[in-house]
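[1] here is a sequence with its predicted model. Questions after.
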Amino acid sequence: MYQPQLHATQVARTAHYALLGEPGNHIRQLWIVTHGYGQLAKTFIQRFVPIMDAQTLVLAPEGLSRFYWGGFSGPPVASWMTREDRLDEIRDFVTMLDQLYAAYVPLCHPEVEIILLGFSQGTATQVRWIMHSFPRFDHLLLWAGQLPEDLDYAPHLPYFANKKLYCAYGDDDPFVTPERLGVMEGIIAASQLDFQPFNYAGEHKVETAALVDWKARFLG
């Protein structure tokens, strides 16, 4: 009997992202924000309009895998990774984030403050990229998500020591049950990273009022 042999090959492909603001030396705050499962960058980035000013640039990469939400008649949406060939998908989105970071950070002010925000599935995306490339950043905000359990953070605690880490949970988020919250808190405790909790009134989404509040409290 013949058995299939599975192989992989790397190809060039087109990645998509959305921007709010105009790059330039005037940019003092750069946000790199990663959407959740079943979203698109062009719609996710709309959540960040209320925090915009002349010195802010928001960059929203989009997951490389698209599918139809709710069947063939549903709208096209994106995802970052699945269980199938996950290491290949991680390598691909890490490469994309590396390229976007390298392209846009030099366009901003040399002392630009860098805020990384991941929502839901996008939290793992941000953390996997961070743990692969160790980029310079100032704030990491994990919104309605958690740290990946399969990464070893202990050897890199000095890298995180001078960075501000936050985790945001909504009081009406159906995915953040008391049991699930306990799991999340356990992973954070095991990581030995110093995350500051940020609780907000809202559901499983980046609530704009909460985002404005977070910026006012922690960025000024």
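    It's in.
[2] show me the contacts for Asp98.
    With contacts defined as Cβ atoms under 8 Å, 6 or more residues apart in numbering, Asp98 is in contact with 129, 133. For every residue, glycine as well, the C-beta is placed using N, CA and C.
[3] for the one helix or strand it maps to, the averaged confidence score.
    For Asp98, the host element (DSSP states H and E) is helix 86-104. For helix 86-104, mean pLDDT is 92.
[4] what do you get for stretch 198-210?
    Stretch 198-210 comes out with an average pLDDT of 95.
[5] let's number from 37 now, not from 1
    Done: numbering now begins at 37, and the last item shifts to stretch 234-246.
[6] ends of that stretch, how far apart?
    Using Cα to Cα, to the nearest Å, one end of stretch 234-246 lies 9 Å from the other.
[7] ok, and for it, which residues are buried?
    Neighbour-count burial for stretch 234-246 flags 234, 236, 238, 240-243, 246 (criterion: 16 or more other Cβ atoms under 10 Å).
[8] give me the contacts around that stretch.
    Here stretch 234-246 has contacts from 80, 83-86, 153, 155-156, 177, 179-180, 202-212, 249-250, using Cβ under 8 Å, 6+ apart.
[9] repeat that for 7 Å
    With contacts defined as Cβ atoms under 7 Å, 6 or more residues apart in numbering, stretch 234-246 is touched by 83, 86, 155-156, 179-180, 202-211, 250.
[10] drop anything exposed from the residues you listed.
    When these are checked for burial by 16+ other Cβ under 10 Å, the buried set is 83, 155-156, 179-180, 202-206, 209, 250.
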